[in-house]
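J.: Predicted model, plus sequence, below.
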Amino acid sequence: MTDWILFIPELYTLAAAGVFFFFCLGRARPGRDYAAAMVLSAAGLVLTVCSAGFEGLIFEGVYRVDLYSQVFKVLIYSGFFLVVCLCADLSGVDETRHSEFYLLLCLCTLAMMLLASSVHLLTLYISLEISSYSLYVLVYLRRGSSQRVKPAFQYFVMGAAASAVMLFGFALVYGAFGSAHMAELMHQVPARIHEPLVFTGFVLSLSGFFFKLAVFPFHFWAPDAYEAAPHQVSAYIATASKVAAIAILVRMIALTGGQGDRVAWVLIFVSVASMTAGNLAALIQKDIKRLLAFSSVAHAGYVMIGILSANAMGYAGAVFYGLSLMVMKFVCFMVVVKASDGGRNIDTEALAGLHHRAPVLALALLLALFGLAGIPPTIGFTAKLLVFRAAMDQGLLWLVIVAMFNVVISLYYYLLVLKAAYYTESEGRPREVALSVPLKCLAGAMIFLMVAGGLWPGYMIVLAESMTAGLLP
């Protein structure tokens, strides 16, 4: 099998980006851009799924194509396709910038796919930077919002700072081992992780990925960026971007081979702080997107529980959690897109009477919020069960108890949203929520996934375990 066959999904995505680049050079035609994005993203998803069985090392061993990376690429491309499905009404972006919008989405998706397969510190850094800079610009594309400049600039500055710290950590790791290949580091890091130079370099190296996942204390950009960005961009950050961050964090933590108590305590602090800060901050939020942003910070803490467990169940649980987050967060943002007027931000009161205006959408929101809160029989409950079980296997019962307290806190603000959607009647004439047949089918598919992932998660768990088996020592 030649190198080019292994690289087909990435080459296709680059070609799709080239299509939108040429669209940028001509006259703005939003209808054409959306149709092209739907066709290209759907075809790319099919191609990525068909390529899931490919395996091999290419580009002098710095790029690994295996089951782990291929499944994550499918998830990333699924997030891309789902976000494009929400772009029929791209009112939050100026019509003259639609081509640039899809171009940046393609480039960001490509970079995240590269990130999933990168097994060299330099390719990791380059892939992360390409995806990050695409998102910085996408946040700024919000039309008619005078408040978008500060959050976009804040996002950029914090991202650049995290990137610089991460690069310094990479330099320390390279200086300690004389190699930047993960295959070589995997055999050397566990025995030397207690050394101050190795420990410091490794922890600093994680900062860029912590920023991507929005864990404490790298989360301050999230609420402002979510609020200021177009709804579809916020959805993309909450879904595809988080999946990519989980992919590389699991691969990086696996380098320790489960060794290093000090690394574990750093990750435990990050997990507890993220859960607590995210949930407490979400309690007072009225804007739905800010609430979802702080919710993402809290869920990053739950994901870290699985990752820091550093065992087969923990890694598989983190992967499964990434899938569940993508589905549930997408549903929440689908509701935001359809319930908003002209791309404006909405608060919980805007969802009043949603069960009358769009019953299918309200049901999807109900299951998504129940899943985010970890209530059975949803996919979110299964995800939390997996990561909590992995932590208990490592003797971290107290961490699971802390997480359960945070789950109880999160119930409050999720139920407030559901109260607005189901028990609050809108004043005056409510705004109609028109759902096309394809969007109703998409909502139905999300409902099925959220229920099936809770009742029959066996196949997905086995797949997650198969993916992560190669990461174990």
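T.: Nice, I can see it.

J.: which element is I248 on?
T.: Using DSSP states H and E, I248 sits within helix 242-254.

J.: and the helix or strand just after that helix with helix 242-254, angle?
T.: Scanning forward in sequence from helix 242-254 by DSSP H and E, the next helix or strand is helix 261-282. If you take axes from the mean of the first three to the mean of the last three CA atoms, to 10 degrees, helix 261-282 sits at 160 degrees to helix 242-254.

J.: by contact count, what packs against the following helix or strand past helix 261-282?
T.: Per DSSP H and E, the first helix or strand lying C-terminal to helix 261-282 is helix 288-309. Helices and strands in packing contact with helix 288-309 are listed as helix 221-228, helix 231-236, helix 242-254, helix 261-282, helix 312-339, helix 379-393, helix 397-423; criterion 3 or more CB pairs under 8 Å, 6 or more residues apart in numbering; DSSP states H and E. (Glycine included, C-beta is placed from N, CA and C.)

J.: roughly how far is the helix holding I248 from the heart of the chain?
T.: 11 Å (CA atoms, centre = their mean, to the nearest Å).

J.: Quick one: list the elements packing against that helix.
T.: Partner elements for helix 242-254 (3+ CB pairs under 8 Å, 6+ apart): helix 67-85, helix 98-117, helix 121-140, helix 207-213, helix 288-309, helix 312-339.

J.: Out of these, which is closest to I253?
T.: Among the helices and strands packed on helix 242-254, the nearest to I253 by CB to CB is helix 288-309 (5.2 Å).

J.: Pull the contacting residues for the residue nearest to the spatial centre of the chain.
T.: The centroid of the chain falls nearest to K242 when counting by CA atoms, centre = their mean (1.7 Å). The contact partners of K242, by CB atoms under 8 Å, 6 or more residues apart in numbering, come to 212-214, 296, 300, 322, 325-326, 329.

J.: Adding pLDDT, neighbour count and distance to V408, write those out as JSON lines.
T.: Listed next are those as JSON lines, based on pLDDT from 0 to 100; neighbours: other CB atoms under 10 Å; distance: CB to CB, whole Å:
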{"residue": "K212", "pLDDT": "83", "neighbour count": "26", "distance to V408": "28"}
{"residue": "L213", "pLDDT": "85", "neighbour count": "29", "distance to V408": "23"}
{"residue": "A214", "pLDDT": "85", "neighbour count": "28", "distance to V408": "22"}
{"residue": "S296", "pLDDT": "90", "neighbour count": "28", "distance to V408": "19"}
{"residue": "A300", "pLDDT": "90", "neighbour count": "29", "distance to V408": "18"}
{"residue": "G322", "pLDDT": "89", "neighbour count": "27", "distance to V408": "23"}
{"residue": "L325", "pLDDT": "90", "neighbour count": "26", "distance to V408": "20"}
{"residue": "M326", "pLDDT": "91", "neighbour count": "23", "distance to V408": "24"}
{"residue": "K329", "pLDDT": "92", "neighbour count": "24", "distance to V408": "21"}
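
J.: about what we covered before: ok, of the helices and strands packed on helix 242-254, where does mean pLDDT dip lowest?
T.: Lowest mean pLDDT of those: helix 207-213, a mean of 84.

J.: Starting from L122, give me the distance back to L167.
T.: Using CB to CB, to the nearest Å, L167 is found at 10 Å from L122.

J.: Out of these two, name the residue with the larger neighbour count.
T.: L167 (18 against 14; other CB atoms under 10 Å).

J.: would you say that one is within a helix?
T.: Yes: checked against DSSP: H, G, I helix; E, B strand; the rest coil, L167 lies within a helix.

J.: pretty sure it contacts L128?
T.: No: assessed by CB atoms under 8 Å, L167 is found out of contact with L128, at 10.0 Å.

J.: and of the helices and strands packed on helix 288-309, who's closest to L185?
T.: Among those, helix 242-254 sits nearest to L185 (CB to CB), with 9.7 Å.

J.: how far off helix 98-117 does the closest one point, in degrees?
T.: Using the same axes, to 10 degrees: helix 242-254 against helix 98-117 is 20 degrees.

J.: Hmm, E349 is touching A420, no?
T.: Yes: contact criterion CB under 8 Å: E349 and A420 qualify, at 6.2 Å.

J.: neighbour count winner among these two?
T.: It is A420, of E349 and A420, that has more neighbours when counted by other CB under 10 Å, with 19 against 12.
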